[in-house]
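Undergrad: Quick one: sequence plus predicted model below, questions after.
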Amino acid sequence: MIRQHVVRGISAPVAVGLLLLVGCSGKGDIIPMNLTPKASKEMTGAVQTVKPMAGPRVTVIPFEDVRADRAKVGSRSSMWGGETDFNVSSGSAGEETAQAFADYLKRKGWQAQYLKVAPQSGDNRPDILLSGKILELAVDAKRGFLLTDIEARSKLVIQASNREDGSSIVRTDAHSGNHDNVFWFEPQDGEEILSEVLEKNFERFVVNTKFEDRAIRFR
């Protein structure tokens, strides 16, 4: 979860000094951001290992990023007008989104894997191929006096293609989330809320689909 801190016992001069120290980022600065953040020890302990269920083999390939600026995934702005861009650390939001999707499906017990390119022939061909498009993906942090408000947005198109009969299904979902009054904002805060919003898209796809033999259908 996002770390929220309560400001107590800080004198006015110290508070102003801190604000000046952390609020002077100039426009043009860039902070790398992971769309698949490493889980903290607290989060790792809370995640239960799920045994892969019997079912079709699923492969997730990189999403197509159709946004105007494919490198940027939001920004941090200060109350004085300074701005810092968040860029995808790996350089590919499409690849990281697909990796996050595959990881999510594996936690749900799916026989899922991420590959940069789908196998075209042979026994390695998946029963279901998942791909998609990124229509919106951003996290914005707006700093006020000592506290920062964070908002994340995502809109994804997810397509599933069945090898068995050549059919496919397509679903589009959009989600947003926010954490307000965060003291001492760190990039990890933005990574975590963006990850949460992405997983909402993945969750809606999973709960609205079902397996029929080696294919996937809408419920």
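TA: Alright, I've got the coordinates.
Undergrad: Can you list the low-confidence ranges for the protein?
TA: 1-28, 37-50, 52, 80-81 (pLDDT under 70).
Undergrad: which SSE is the spatially most central residue of it in?
TA: Centroid-nearest residue in the chain: S195, 3.4 Å away (criterion: C-alpha atoms, centre = their mean). Taking DSSP states H and E as the criterion, S195 maps to helix 187-207.
Undergrad: Listing partners with orientation, what would you give for the helix or strand that that helix is followed by?
TA: Per DSSP H and E, the first helix or strand lying C-terminal to helix 187-207 is strand 209-212. Next to strand 209-212 in the sheet, as set by DSSP bridges, lie strand 215-218 (antiparallel).
Undergrad: Quick check: buried residues in the partner strand?
TA: By neighbour count on 16 or more other C-beta atoms under 10 Å, the buried set for strand 215-218 is A215, I216. Yep, even glycine has a C-beta here, placed from its N, CA and C like the rest.
Undergrad: cool, stretch 100-107 as well?
TA: A100, F101, A102, D103, Y104, L105, K106.
Undergrad: Surely the second one is in a helix?
TA: So the one you mean is F101. Yes - counting by DSSP: H, G, I helix; E, B strand; the rest coil, F101 falls inside a helix.
Undergrad: What is the burial count for the nearest residue to it once chain neighbours are set aside?
TA: Spatial nearest neighbour of F101, chain neighbours left out: V60 (5.1 Å); criterion: C-beta to C-beta, 6 or more residues apart in numbering. V60: 29 surrounding residues under other C-beta atoms under 10 Å.
Undergrad: Might one say that V60 is in contact with A102?
TA: Yes - applying C-beta atoms under 8 Å, one finds V60 in contact with A102, separated by 4.2 Å.
Undergrad: can you give me the strands in the protein?
TA: Taking DSSP state E as the test, the strands found in the chain are 29-33, 57-60, 64-65, 72-77, 83-88, 111-114, 128-143, 147-162, 168-183, 209-212, 215-218.
Undergrad: Indicate which one of those is closest to K51.
TA: Each of the strands of the chain has some distance to K51 by C-beta to C-beta; the shortest is strand 111-114, at 10.9 Å.
Undergrad: Adjacent strands (with direction) for the closest one?
TA: The strands beside strand 111-114 in its sheet (DSSP bridges) come out as strand 57-60 (parallel).
Undergrad: The partner strand: how far from the chain's middle?
TA: 19 Å (C-alpha atoms, centre = their mean, to the nearest Å).
Undergrad: Tabulate the strands of the chain (a markdown table), appending distance to E95.
TA: As requested, these are arranged in a markdown table below (distance: least, C-beta to C-beta, whole Å):
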| stretch | distance to E95 |
| --- | --- |
| strand 29-33 | 14 |
| strand 57-60 | 10 |
| strand 64-65 | 9 |
| strand 72-77 | 13 |
| strand 83-88 | 9 |
| strand 111-114 | 8 |
| strand 128-143 | 11 |
| strand 147-162 | 14 |
| strand 168-183 | 20 |
| strand 209-212 | 23 |
| strand 215-218 | 22 |
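Undergrad: one step back: so the residue nearest to the centre of the chain makes contact with A100?
TA: Yes - look at S195 against A100 with C-beta under 8 Å: they come within range, at 6.9 Å.
Undergrad: Common neighbours of these two, please.
TA: Here S195 and A100 have L35, T36 as joint contacts, going by C-beta atoms under 8 Å, 6 or more residues apart in numbering.
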